[in-house]
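Undergrad: Fold the following.
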Amino acid sequence: MRDLGCHGVLLIDKEEGPTSHDIVREVRGLLGGARVGHTGTLDPMATGLLVLLVGRATRLAPYVPGEPKVYSARVLLGRETETMDMQGSVLREKGFAGDVEEVKKVIEGLVGEWEQTPPAFSAVKHRGRPAYSYARRGEQVELAARRVRIYRMEMTAFRRIGDMAEADFVVECSPGTYVRELASRIGTALSCGGTLSRLRREASGPFKVVDAMTLEGVRRHLVLGEACIRPMHEALGGMRMVEVKESCAGAVVNGAPIEEGMLLGAHEGVRQGEAVAVMGGGTLLAVHRVARTSPFLSRPLRVVGAIGEDDVTG
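TA: As a prediction, this is how the structure comes out:
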């Protein structure tokens, strides 16, 4: 299973329990020590999509589209915990005596743009340390609020559980949104308290969990010698591509700007100031910024290609 030549995108369907770093470490071991990084963390209790960049694709992290994030989630109404999810100590239980229409109205009413303060038990850094390291010691720190956007919020199921209730919902939101805080906010609006009891990331930008595989699936593919890593250019989503002549690929990899005569084919639709994926022989060589369109000129933002190496070998 050792393969140090892997460069590309790996979509993982994370199970509940391990941290995102645990997944990265496991994949790095499966690929024989290849560079691996993720483009957005998931809490240990969360499942679903984790987008990993492998090998030279790790250089593309700033250009990987990650908006919107789509989650399916569940809130337990009538309970509050210190972490806003089921892993924390229970602070209070009150029960929920309302009806389904009240819950539906509150959930749908969260659509919009507003300030969200990260939970105390979060990985947000405060003076160089994650917030949860302070919270675990009982220390209170003031975390800066951030602007988040909720594009869609929809209740998909509702059920009674004794004197409490559960509501399932789907949220489509901007990166950095804490769904735990949304669950708590729902409970506060209903005057009963709420805690997140389930979270699954369904999509991140153009990437979807239905296209991902479990860690066990990755192991099986590698044992059988089957490709499981997507080409590097797929990390860039819908970024427009331009292709250079084979004779110019070396210059591009060495950081040279691209001029009109280096292009293979036309470049209709490319706009000045746009970032483009530079391809050569079907392989991603670099990301460039277009300086002008006629005659064409672009300058490198990030070089990722290497002459003589395949884009994907894993």
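Undergrad: how much space between residue 80 and residue 183?
TA: Note on residue 80: its distance to residue 183, by C-beta to C-beta, to the nearest Å, is 10 Å. Any C-beta I mention is one placed from the backbone N, CA and C, and that applies to glycine too.
Undergrad: Give the residue spans of the stretch 201-314 of the chain that score low on pLDDT.
TA: Scanning the stretch 201-314 of the chain for pLDDT under 70 picks out 307-314.
Undergrad: can you give me the strands for it?
TA: Using DSSP state E, counting those that start in this stretch, the strands of the stretch 201-314 of the chain run over residues 207-208, 241-243, 258-259, 275-280, 283-293, 296-303.
Undergrad: which residues of the stretch 151-300 of the chain fall in helices?
TA: Residue ranges of the helices in the stretch 151-300 of the chain, as given by DSSP state H, counting those that start in this stretch, are 179-189, 215-223, 249-253.
Undergrad: Buried residues of the longest one, list them for me.
TA: Judged by neighbour count (16 or more other C-beta atoms under 10 Å), helix 179-189 contains these buried residues: 179-187, 189.
Undergrad: What of the shortest one?
TA: Within helix 249-253, the residues that qualify as buried are 249, 251-253, counting by 16+ other C-beta under 10 Å.
Undergrad: so which of these comes closest to residue 68?
TA: residue 252 (32.4 Å; C-beta to C-beta).
Undergrad: Tell me who's in contact with the closest one.
TA: Applying C-beta atoms under 8 Å, 6 or more residues apart in numbering, one finds that residue 252 lies in contact with 244, 258, 262, 278, 280, 285-286, 300, 303, 305.
Undergrad: Give the bridge partners for residue 157, please.
TA: With DSSP bridges as the criterion, residue 157 is bridged to residue 168.
Undergrad: Could you dump the helices of the stretch 151-300 of the chain into a markdown table and include distance to residue 166?
TA: Formatted as a markdown table, those follow (distance: least, C-beta to C-beta, whole Å):
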| stretch | distance to residue 166 |
| --- | --- |
| helix 179-189 | 11 |
| helix 215-223 | 29 |
| helix 249-253 | 54 |
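Undergrad: I'd like to know which of these is closest to residue 43.
TA: Among these, helix 179-189 comes nearest to residue 43, with 7.8 Å by C-beta to C-beta.
Undergrad: pLDDT of the closest one, averaged?
TA: Averaging pLDDT along helix 179-189 gives 96.
Undergrad: Give me the contacts around it.
TA: Helix 179-189 has contacts (C-beta under 8 Å, 6+ apart) with 43, 71, 73, 75, 77-80, 83-85, 103, 106-107, 109-110, 116-119, 150, 153, 167, 171, 173, 193-196, 199.
Undergrad: what do you get if the cut-off is 7 Å, keeping everything else the same?
TA: Helix 179-189 has contacts (C-beta atoms under 7 Å, 6 or more residues apart in numbering) with 71, 73, 75, 77, 80, 84-85, 106-107, 110, 116, 119, 171, 193-196, 199.
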